[in-house]
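**Q** kindly generate the corresponding structure for this input.
(2 chains)
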Protein chains: 2
Amino acid sequence: MDLSALRTANPEHWTKAAAIRALTLDAVHAANSGHSGMPMGMADVATVLFEKHLKFDASAPDWPDRDRFILSAGHGSMLLYSLLYLTGYEDMTLEQVRNFRQWGARTAGHPEYGHAKGIETTTGPLGQGIANSVGFALAEEIQRAHYGRKVVDHHTYVIAGDGCLMEGVSQEAISFAGKHALSRLIVLWDNNNITIDGTVDMADSTDQVARFRASGWHVQQIDGHDPAAIDEAIARAKTTRKPSMIACKTHIALGHAAQDTSKGHGALTDPDQLKAAKEAYGWTTPAFVVPDDVKTAWEAIGARGAAARAEWEARFASISERRQAEFRRAYARELPRKLTGTIRALKKQASEAGHKVATRKSSEMVLELVNPVLRETVGGSADLTGSNNTKTGDLGVFGADNRKGRYIHWGIREHGMAAAMNGMALHGGIRPYGGTFMAFTDYARPSMRLAALMRIPTVFVMTHDSIGLGEDGPTHQPVEHLAISRATPNTWVFRPADTVETAEAWELALSSTETPSVLSLTRQGLPTVRTQHKGRNLSAQGAYVLADATAKRQAILIATGSEVSIAMAARELLEAEDIGTRVVSMPCMELFATQDETYRRKVLPAGAVRVGIEAAVRDGGWDRWLLGERGKEAKAGFIGMDSFGASAPAEVLYEKFGITAEATVAKVKELLG
Amino acid sequence: MDLSALRTANPEHWTKAAAIRALTLDAVHAANSGHSGMPMGMADVATVLFEKHLKFDASAPDWPDRDRFILSAGHGSMLLYSLLYLTGYEDMTLEQVRNFRQWGARTAGHPEYGHAKGIETTTGPLGQGIANSVGFALAEEIQRAHYGRKVVDHHTYVIAGDGCLMEGVSQEAISFAGKHALSRLIVLWDNNNITIDGTVDMADSTDQVARFRASGWHVQQIDGHDPAAIDEAIARAKTTRKPSMIACKTHIALGHAAQDTSKGHGALTDPDQLKAAKEAYGWTTPAFVVPDDVKTAWEAIGARGAAARAEWEARFASISERRQAEFRRAYARELPRKLTGTIRALKKQASEAGHKVATRKSSEMVLELVNPVLRETVGGSADLTGSNNTKTGDLGVFGADNRKGRYIHWGIREHGMAAAMNGMALHGGIRPYGGTFMAFTDYARPSMRLAALMRIPTVFVMTHDSIGLGEDGPTHQPVEHLAISRATPNTWVFRPADTVETAEAWELALSSTETPSVLSLTRQGLPTVRTQHKGRNLSAQGAYVLADATAKRQAILIATGSEVSIAMAARELLEAEDIGTRVVSMPCMELFATQDETYRRKVLPAGAVRVGIEAAVRDGGWDRWLLGERGKEAKAGFIGMDSFGASAPAEVLYEKFGITAEATVAKVKELLG
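**A** Reported below is the predicted structural model:
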């Protein structure tokens, strides 16, 4: 392709875009890995977006009312790193760009949230960014409705690739955004017809324009290398009342020998071809060197938003101090002081009342008290509202006619819900929680993992958490899903035993600032086991002695959630036979693991046999507590599942799968010999 | 709604459809749970489909050339059970229908593959059926091309609900089917505008007709209660050269007080309302009683295909005996005798050559030999062909222009790929395998779980299986994914250490008749550890002694995959210090668990400290082997990951995360005290 026409038509634009292309080539060459073609193809679109439209101030990257820029096609990370370096983000130095993909650098292979300012979300697993962006746009709508346009008034821009649009989660995102007319969401599709295996049309012939329109989007089609067309299209997209998609026809790896090929998608490291590409760009400086005038021009773009930010600061200062404090508290992920007292009161009431209640219902009881106090919660469910018990009286349902609504009917879109919740948490000022059946952790997994990796406190409300859901059968009965979430680093998995522990779990999940929580809740009613009120949050230590041995301690039963009452019943039977038995309730293994050894030894002393009880597979982190981390600690057994479940009433299933007090007693006796 | 017009317009049709509705009401009432509305809404469509179009013979449910009927909206299971009972499937007795959702019944809450003939796939998790159906249709195309229309010539029909179409995986399925013009696929959409939370338009406003057309489908819109319209639409769908979607406008829970409401989606058990609905249907027999004439009419439908089947048997008998044998062998999931010898020869060659090679490349070497021998394999990758090494020379690429192609470019659709592979395995006659990066297990999870639940031998080729993939960083580095698959019942997780073990893993995966396999393969090169050739498949026992202690045995190192060579290096260092060290290679924990205790004790005798080495989290089933199932067996430690990975070259990561021979030596010494 002859680039001279592009170069001469708009030389100032061209040089700025060429800086992105040259830095990309240099960084990928130095790392000898990465993806060159996407940044080279989308440099024009990104340059126009940053120069003419994106509201940001590189010197204040945390400005809450900035536009958000999401690089959904995360493999093109050098596009983002180049932009951050060029516009003058303090923590994206040239040194970082030089160390692309090296140990300790902020410039990871794919953009990692938290590594550098300006990286709004972690992308790489395709489709995540576009699905996150729905949450960003939702958060903006809800906060704009709550605080007014004086304080909240920004856009979310996404660059998405063909891969993002092929992933199913994109359909969940697109259809949701269309339904709710999220007009502040603007997606720039890098329409380059290239994937890793070859041309897109080898695997897909979708008419993307028609597809987005079918979901209620405003769509434009432009030449992605024409700065004027890009500018006009973005300007128009900002005026529509629908979410906007701009199909940008681009050449991947523009100007390189590998342009328009799947080779161009990957790492372009051939030195001669690199040299030739730079020549075609008219780029003459050595590797990693951006001419001063070009850098200065880019830094001016980075500073362009300073005035707008100052005006915003003034407007923000003009709202009431109470509102300012509320806004700042929510963005800081701090809880209102009142919350602890609210939860303590509920615990007291629940322990005294001693009702039999399903923990999903307990969760609703907590939320009914929490949501009015914690105004930044946004709840929802993937079409299981009445089953997940996630909706409370005061929330209001979000929709085009009620932007203040804090309850989202996500539709049958578990993955899209999880990704959008992450987006809301990342946007800031929102505490998202959302529900589905625990077995459908499988659908939400890619985004649940990313919440953990990004260190954001998304709350996943997973009800119907075992064979205890009964007749729906094995497709709906989780057996390995506690194990899945527990095996994931930086994830708190709470499996509360009753209303008291459920309230404690919620308090911990909402107090978390950088760890997502999975709440594993029952369909079936459970008796209250915490019948003696303690103000302190016992679940914060992960596990605690619920009932101790009266006779000489010979056995320790460790149980979670719905099986704690089974452990208590087994203890009764054992104690009646003079087998001293302690029951340890373990609502959160991860928090127990963070306790000091003294406490852990106190809860789980040596010298007694141990039986774990959980209606799930033993692989879910049990052996560490049963056998000791280095072994040789205890003789132990496990009462749980080692197969999928079955369709039948819950009581029948517990009996048939041998998860009963009687089986527990038998196991203890077998271990005692 | 006044049903009299419908009743009188076509009384014979009406009565047959009413039988479905009445049985549904009775079964849900008896179970006091289930979903009444969907079968009641789609009874007309299903009746016309079975009466006029579906090619089947209830007396020969395994007839390979039958049409497949997939109930993607699996919660409406009573629709399927009613049809199977009414048409006279032997194992779907009235007793089974009466025991809907009870322990031991074939009539589980959601249709479970293997419970009864005529249940072609397990559904319930929404979107799975429609995504499976792509694999059914693919299998038919490929086999038709291979065997000719004499032998293979059938359709795949799907009933899908609003929920199926909202799930992202449906987009992956629809766009793939459209691209490849899978014209034998006909989807009947139950367009009832109702979900659990309310009306569909609360959460979705997608123009489904436009959406399907955008993906290249033929679309019709009909009244789903008009038998003539249903008949005509299906007839037309069979003639198109595209996949077909028929939007059937229906009333959920037709004729019941809960018609057209989300209450109607659930269990309708009120006796008075039940009575009123039956009266409106003109249904006067007691619960579960179908009048003889109606049952006889339905049984005639069940027998309608007998002649076609006899003709097919004759045609089948006319093809060559070799082809008949090949066909039968593939459907029986038997391997050609030649395969064992082929694999043994590769093992011998690999153990002698001793090359350093990545196991993803080893896998390709195996497949290059296997695919020409095992003609029923269909391989593919979710746009990572060159990385997953799944394509071999002889396969040919499947497409509209090459129906004999056995390699599928799935596009960036891991979930759709996994579901469609399940569909191919369920259809029969095909051995599907497909690749992606192991971290994207997350995307494919819902279908990987269903493969295990359905007991089908789908093979998931998961490459780039640890931090060893290097620079792509933590989004792409699995750490918990071995744990995830190992925690799933009925799943074999193979993590081979070199080419020899990779060949053994493939042999086992392909020999499997009812267990799916996950092959965990490296990006990075690995030295050959099995340098001494053994004809026997040592991996079949799950774990074995790779190198024994020469000095007195003080330590046992247990490792998998890329960490086996680290264990071997650590052993060298330890033995040099007179610390006798055994190395156990453990390519498949699940198979080791099935060995008898004698063998397990032989491999893992007491009296030595044990260190597990795997670049993944310890939760992945390790403690059982390190500590003993009942504890008190060994002092043990683990060298692996307890956090997410990072972006850097692989060698740097192994060093920084402490997964080295030196760290292993230090751990052994620490345990020895």
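**Q** show the subsequent helix or strand relative to the lowest-mean-pLDDT helix or strand in chain A.
**A** For chain A, using mean pLDDT, DSSP states H and E, the weakest element among its helices and strands is helix A:623-627, scoring a mean of 89. Using DSSP states H and E, the helix or strand that follows helix A:623-627 towards the C-terminus is strand A:636-641.
**Q** show the average pLDDT along that next one.
**A** Averaging pLDDT along strand A:636-641 yields 96.
**Q** run through who's touching it.
**A** Residues outside strand A:636-641 that contact it (CB atoms under 8 Å, 6 or more residues apart in numbering or on different chains) are A:467, A:479, A:563, A:566, A:609-618, A:622-623, A:626-627, A:657-659, A:663-664, A:667-668, A:670-671, B:630-631. All C-beta atoms are positioned from the backbone trio N, CA, C, and that covers glycine.
**Q** in chain A, what residue comes closest to chain B?
**A** Closest contact between chain A and chain B, by CB to the nearest CB, is at residue A:168 (2.7 Å).
**Q** what score does the closest residue to that residue other than its chain neighbours have for pLDDT?
**A** Closest residue to residue A:168 in three dimensions, ignoring its sequence neighbours and counting by CB to CB, 6 or more residues apart in numbering or on different chains: residue B:168, at 2.7 Å. Residue B:168 is assigned 98 on the pLDDT scale.
**Q** list the contacts for residue B:168?
**A** Listed by CB under 8 Å, 6+ apart, the contact partners of residue B:168 are A:167-172, A:413, A:415-416, B:127, B:415.
**Q** and residue A:453, by the same measure?
**A** A:112, A:122, A:489-490, B:474-475, B:644.
**Q** what's the distance between stretch A:134-148 and the middle of its chain?
**A** 18 Å (CA atoms, centre = their mean, to the nearest Å).
**Q** show me which of the contacts of residue B:168 are buried.
**A** When the contacts of residue B:168 are checked for burial by 16 or more other CB atoms under 10 Å in any protein chain shown, the buried set is A:167-172, A:413, A:415-416, B:127, B:415.
**Q** so which bits of the stretch 451-600 of chain A are right by chain B?
**A** Neighbours of chain B within the stretch 451-600 of chain A, by CB under 8 Å from any CB of the partner chain: A:452-453, A:470-476, A:479-480, A:483-484, A:486-490.
**Q** same deal with the stretch 51-200 of chain A?
**A** The stretch 51-200 of chain A has residues A:74, A:101-105, A:108-110, A:112, A:122-126, A:162-163, A:166-172, A:175-176, A:178-179, A:195-198, A:200 near chain B, with proximity defined as CB under 8 Å from any CB.
**Q** could you rerun that using 7 Å?
**A** Counting by CB under 7 Å from any CB of the partner chain, the stretch 51-200 of chain A comes close to chain B at A:101-103, A:108-110, A:112, A:122, A:124-126, A:163, A:166-169, A:171-172, A:175, A:178-179, A:195-197.
**Q** okay, and which of these map to helices?
**A** A:163, A:166, A:168-169, A:171-172, A:175, A:178-179 (DSSP state H).
**Q** counting contacts, what elements does the helix or strand encompassing residue A:583 pack onto?
**A** For residue A:583, the host element (DSSP H and E) is strand A:580-585. Contacts defined by 3 or more CB pairs under 7 Å, 6 or more residues apart in numbering or on different chains; DSSP states H and E place strand A:580-585 against strand A:544-547, strand A:553-559, helix A:564-576.
**Q** helices or strands up against the longest one?
**A** Same thing as helix A:564-576. Counting contacts by 3+ CB pairs under 7 Å, 6+ apart, helix A:564-576 is packed against strand A:544-547, strand A:553-559, strand A:580-585, helix A:661-672.
**Q** partners of the second one, with directions?
**A** Right, the one you point to is strand A:553-559. Sheet pairing of strand A:553-559 (DSSP bridges) gives strand A:580-585 (parallel), strand A:609-617 (parallel).
**Q** what sits up against the longest one?
**A** This means strand A:609-617. A:466-468, A:478-480, A:482-483, A:554-560, A:562-563, A:566-567, A:620, A:622, A:625-626, A:634-642, A:659, A:664, A:667-668, A:671-672, B:487 (CB atoms under 7 Å, 6 or more residues apart in numbering or on different chains).
**Q** next one: the first one
**A** Surrounding strand A:580-585, the residues in contact under the criterion CB under 7 Å, 6+ apart are A:497, A:529, A:543-559, A:564, A:567-568, A:571, A:574-575, A:603-604.
**Q** domain parsing for chain A?
**A** What automatic domain parsing lists as the domains of chain A is A:4-308, A:338-526, A:539-672.
**Q** out of those domains, which is the most enclosed?
**A** Per residue and on average, the most neighbours among the domains of chain A fall to domain A:338-526, with a mean of 24 (mean count of other CB atoms under 10 Å in any protein chain shown).
**Q** now do it, average pLDDT.
**A** Average pLDDT, domain A:338-526: 97.
**Q** coming back round to it: in JSON lines, list the strands paired with strand A:553-559 along with distance to residue B:230 and mean pLDDT.
**A** Listed next are the strands paired with strand A:553-559 as JSON lines, based on distance: least, CB to CB, whole Å; pLDDT from 0 to 100:
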{"stretch": "strand A:580-585", "distance to residue B:230": "56", "mean pLDDT": "98"}
{"stretch": "strand A:609-617", "distance to residue B:230": "44", "mean pLDDT": "97"}
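**Q** do you know which of those lies nearest residue A:407?
**A** Closest to residue A:407 of these, according to CB to CB: strand A:609-617, at 29.9 Å.
**Q** how distant is the closest one from the center of its chain?
**A** How far strand A:609-617 lies from its chain's middle: 30 Å, per CA atoms, centre = their mean.
**Q** stretch A:142-156 too?
**A** Centroid separation for stretch A:142-156 versus its chain: 22 Å, with CA atoms, centre = their mean.
**Q** put the alpha carbons of that stretch into CSV.
**A** Provided in CSV are the C-alpha atoms of stretch A:142-156 (Å, rounded to 0.1, in the frame of the first residue of the first chain):
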residue,chain,number,x,y,z
ILE,A,142,-26.8,5.7,37.2
GLN,A,143,-24.5,8.3,38.7
ARG,A,144,-25.5,11.0,36.3
ALA,A,145,-29.1,10.4,37.3
HIS,A,146,-28.1,10.5,41.0
TYR,A,147,-25.6,13.4,41.0
GLY,A,148,-26.6,15.3,38.0
ARG,A,149,-24.7,16.3,34.8
LYS,A,150,-22.7,18.9,36.7
VAL,A,151,-20.8,16.1,38.3
VAL,A,152,-21.2,13.1,36.0
ASP,A,153,-21.2,13.5,32.3
HIS,A,154,-18.8,11.4,30.3
HIS,A,155,-18.5,8.7,27.6
THR,A,156,-17.1,5.2,27.4
